[in-house]
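S.K.: Could you look at this predicted model? Sequence included:
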Amino acid sequence: MSIYTQSMLKDDALKDKVIIVTGGGSGLGKAMTKYFLQLGAKVTITSRNLEKLQNTAKELEAETGGTVFCVSCDVRNWDEVEAMKEAVLKEFGKIDVLLNNAAGNFISPTERLTHSAFDSVLDIVLKGTKNCTLSVGKHWIDSKTPGTVLNIVTTYAWTGSAYVVPSACAKAGVLAMTRSLAVEWAKYGIRFNAIAPGPFPTKGAWERLLPGDLVEKFDMTKKVPLRRVGDHQELANLAAYLVSDFSAYINGEVVTIDGGEWLQGAGEFNMLEAIPQEMWDQLEAMIKAKKSS
Ligand code: HXC
Ligand code: NAP
């Protein structure tokens, strides 16, 4: 078993921390929730689908012996977000961490999108993150309690990406919010960080980004210098560290966890990776021969 598929932090690293994970019923949110529970946290998972949340909660409580609280909440709706915050405070008496993980995304040529299709992604990712951050942040500030926000973005938050333009715009906004509030709200004891994952296969993402046989046509491992996709536990390890007090001096950072994927796409001469080793003697000789010309 590879070391990165194992727990990284000590058992009580998140003991008694109260953590909200938006979109915690599936995919990466579920994986991070599981690890937070193993480290002693009490976790609230939220999304639009209460039944899904309850099934996840049952499964994770049985696996970890931890405490999961489920709240149905569409992050696009301010009143639902406020009600979710109040429900968490009633249940646990405090909130220590907000993990903005909920997202919507699908591939499409941008000219095919209706204005409301564009909005649906912007609203979940950017407005949803804003709603949760403002709601929980105001509570922390008013009650003079410290807090930590972790936002899940993507590497195309800074490069942009064709065919997922609403998501790229929204994630760029979330990254700007992360860095802006890391400075503005530090005086209240509130830290902000982000994680930019590369490809970590989940049902939710793969069904919408690599539907049908696209998953075979576009082998994601080929885009990654390390030639593999991410393991959910290695993302959970990073997230747990960033929401724990061990990372107390990290503020305003975005940590990329993508096996080098975005840099492979960015470097001017990275295509030379395709040159076989044995050709390099010949190429060197050709270049040296040009020295005097
Ligand atoms: C064009 C589409 C579309 C598609 C939906 N729409 N899918 N348009 N191509 N494939 C349009 C609809 O026709 C509708 O337009 C509008 O978008 C809203 O769609 P609804 O289904 O009514 O919206 P809603 O139920 O709110 O669902 C939101 C959603 C959906 C984003 C469309 O996919 C969703 O629920 N996603 C949540 C989970 C998710 O996306 N997970 C993946 C995250 S992955 P009209 O004009 O009728 O309003 C991720 C990874 C990034 O972010 C990086 C990977 C490496
Ligand atoms: P996922 O399982 O589809 O997770 C998205 C979650 O968001 C779902 O649980 C969904 O639950 C919830 N959600 C969607 N709309 C919502 C709304 N309006 N209100 C509340 N919750 C809502 O996909 P995932 O791959 O785990 O993605 C998790 C995060 O990682 C996202 O931020 C994504 O952008 C990011 N990410 C993923 C990858 C990857 O390779 N998987 C790469 C980079 C970044 P409901 O449908 O029940 O509401």
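M.R.: On my side now, so go ahead. Numbers count the residues shown, from 1 in each chain. Ligands and ions are numbered 1, 2, ... in the order given.
S.K.: Phi, psi for the closest residue to residue 23 other than its chain neighbours please.
M.R.: Setting aside the residues directly before and after it, residue 23 is nearest to residue 102 in space (Cβ to Cβ, 6 or more residues apart in numbering), at 3.3 Å. (Glycine included, C-beta is placed from N, CA and C.) With angles defined as degrees, to the nearest 10, residue 102 sits at phi -60, psi 140.
S.K.: What about residue 102, how many residues nearby?
M.R.: Other residues within reach of residue 102, judged by other Cβ atoms under 10 Å, total 24.
S.K.: Correct me if wrong: it contacts residue 124.
M.R.: Yes: in this structure, residue 102 is within contact of residue 124 by Cβ atoms under 8 Å, at 6.2 Å.
S.K.: Spell out which parts of the protein neighbour ligand 2.
M.R.: Where proximity means Cβ under 6 Å from any ligand atom, the interface of the chain facing ligand 2 comprises 22-23, 25-29, 47-49, 52, 74-76, 101-105, 124, 128, 152, 154, 197, 199-200, 202, 204-205.
S.K.: So which of those residues sit within helices?
M.R.: Using DSSP state H, the members of the residues of the chain next to ligand 2 that fall in helices are 27, 28, 29, 52, 128, 204, 205.
S.K.: gap between the residue nearest to residue 23 and residue 34?
M.R.: Residue 102 sits 17 Å away from residue 34, going by Cβ to Cβ, to the nearest Å.
S.K.: so where do the strands sit in the stretch 51-200 of the chain?
M.R.: Taking DSSP state E, counting those that start in this stretch, the strands of the stretch 51-200 of the chain run over residues 67-72, 97-100, 147-152, 190-197.
S.K.: hey, which of the ones you listed is tucked in deepest?
M.R.: Mean neighbour count, computed with mean count of other Cβ atoms under 10 Å, is highest for strand 97-100 among the strands of the stretch 51-200 of the chain, reaching a mean of 27.
S.K.: Show residues contacting stretch 160-173.
M.R.: If you take Cβ atoms under 8 Å, 6 or more residues apart in numbering as the criterion, stretch 160-173 is touched by 103-110, 113, 117-122, 124-126, 153-154, 156-158, 209.
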